[in-house]
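Asker: Got a predicted structure plus its sequence, pasted below:
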Amino acid sequence: MRPDTRKTPTFLVTGSKGQVGFELRRSLAPLGRVVAVDRSHGDLTQPDALRALVREIKPDVILNPAAYTAVDKAESDAETAFAVNGVAPGVLASAAREVGSLLVHYSTDYVFDGTGRDGAGQGWYRETDAVNPQSVYGKSKLAGEQAVTDSGAAALILRTCWVAGAHGNNFAKTMLRLARERDSLRVIHDQFGAPTTAALIADVTAQIVARYWLHGRPEAFPTGIYHLAAAGETTWHGYATHVVAGAAARGATLKAAVASIEPIPATAYPLPAPRPTNSRLDTTKLRDTFDIHLPDWKEGIDLLLDQILS
């Protein structure tokens, strides 16, 4: 179905109280009408209610950042994780196809096993690389990708990593809290990725959606899987030191200093769900296809610190 660019588009955003959902409400507002729902009105464990919601609103674009993100809890709650992350995206995709909507679905680096393109933890994952999730969370998110793809709906799947937003809980906020409470911190130094702000994800999404709306030939719009992450790379330890140094420079009162953040291996901090050693995502396809600039991760985190500490 070809969008009528003469009318104001309607966007349906799930998970509106989450990090990315909250920012999507902001980034999409200049483009059209935003209908933002949270779990009370868009419960992803209720397939029939989801279908009814889409049929009622008939959105031009559905954006689905809602997810079960309790990575460790998912190991013992696989049924709920798969209902939210695996089944619901397929339901939304089928409903989108029925009403002629574009679906934008968000996925994760956890669909990879973290060994990297060379099998030794190095290299940047491309969209075409083999997936091999190691956790229940990763397997549930991959199931969601596959359900969206199998639906035949017009859909964009945006994989991202290490998400941080001013709204909601994340690693940056945890480090700030711990640095206020403790004299020293111990942070993993052998897992690699790019901290990516929810604001960047939302702004890039809005650029892509605007292109879709004005494309003229939606049947030829370049849908599919794309990697969306900030430029550059770091470790959790590097991320933590940047956050603590940035907070101190902004006048925050902290007990822990950068020098007191000890680098430790992942084996020293065992968790129920395995984490990828390598979460580096190659964003060449997204940048080239949509002519989008992705700033270095430090720029986004600095802006995030300004928001959090203002």
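Answerer: That came through fine. Numbering: from 1, shown residues only.
Asker: remind me which residues of the stretch 1-150 of the chain are low pLDDT?
Answerer: 1-6, 119-121 (pLDDT under 70).
Asker: how close does residue 283 get to residue 84?
Answerer: 26 Å (CB to CB, to the nearest Å). Where C-beta positions appear, they are placed from N, C-alpha and C, glycine not excepted.
Asker: I'd guessed residue 131 sits against residue 112; true?
Answerer: Yes: Residue 131 lies in contact with residue 112 (CB atoms under 8 Å); the separation is 6.0 Å.
Asker: which of these two has more neighbours?
Answerer: residue 112 (25 against 17; other CB atoms under 10 Å).
Asker: which residue packs closest to the more buried one, ignoring adjacent ones?
Answerer: Closest residue to residue 112 apart from its sequence neighbours, by CB to CB, 6 or more residues apart in numbering: residue 125 at 5.4 Å.
Asker: Can you give me the distance of residue 11 to residue 261?
Answerer: For residue 11 relative to residue 261 (CB to CB), the value is 41 Å.
Asker: These two: which has the busier surroundings?
Answerer: residue 11 (28 against 23).
Asker: name the helices or strands packed onto whichever helix or strand that one is part of?
Answerer: Residue 11 is located in strand 10-13, with elements delineated by DSSP states H and E. Using 3 or more CB pairs under 8 Å, 6 or more residues apart in numbering; DSSP states H and E, the elements in contact with strand 10-13 are helix 19-28, strand 33-36, helix 47-57, strand 61-64.
Asker: of the ones you listed, which approaches residue 188 most closely?
Answerer: Residue 188 lies closest to helix 19-28 among the helices and strands packed on strand 10-13, at 21.2 Å (CB to CB).
Asker: mind checking how far stretch 31-49 is from the chain centre?
Answerer: Taking CA atoms, centre = their mean, to the nearest Å, one finds stretch 31-49 lying 18 Å from the centre of the chain it belongs to.
Asker: I figured residue 61 hits residue 208, correct?
Answerer: No: under the criterion of CB under 8 Å, residue 61 makes no contact with residue 208, lying 9.9 Å away.
Asker: what residues are shared contacts of these two?
Answerer: Counting by CB atoms under 8 Å, 6 or more residues apart in numbering, the contacts common to residue 61 and residue 208 are residue 104.
Asker: Just the helices from the stretch 51-200 of the chain, written as ranges.
Answerer: Secondary structure of the stretch 51-200 of the chain by DSSP state H, counting those that start in this stretch: the helices cover 78-82, 88-99, 136-151, 171-181, 198-214.
Asker: Just the buried residues of the first one, please?
Answerer: For helix 78-82, a neighbour-count test (16 or more other CB atoms under 10 Å) marks 81-82 as buried.
Asker: Any idea how far that helix is from the middle of the chain?
Answerer: Centre-to-centre, helix 78-82 and its host chain are 19 Å apart (CA atoms, centre = their mean).
Asker: Then the fourth one?
Answerer: Put simply, helix 171-181 sits 21 Å off its chain's centre (CA atoms, centre = their mean).
Asker: buried residues in that helix?
Answerer: 171-173, 175-176, 178-179.
Asker: what's the average pLDDT for it?
Answerer: Average pLDDT, helix 171-181: 97.
Asker: Give me the contact list for it.
Answerer: With CB under 8 Å, 6+ apart as the test, helix 171-181 has contacts from 162, 164, 185, 187, 195, 236, 239-240, 243-244, 247, 252-256, 301, 304-305, 308-309.
Asker: tell me which residues form a beta bridge with the nearest residue to residue 155 once chain neighbours are set aside?
Answerer: Computed as CB to CB, 6+ apart, the closest residue to residue 155 that is not its neighbour in sequence is residue 103, at 4.2 Å. Legend: beta-bridge partners of residue 103 under DSSP bridges are residue 62, residue 155.
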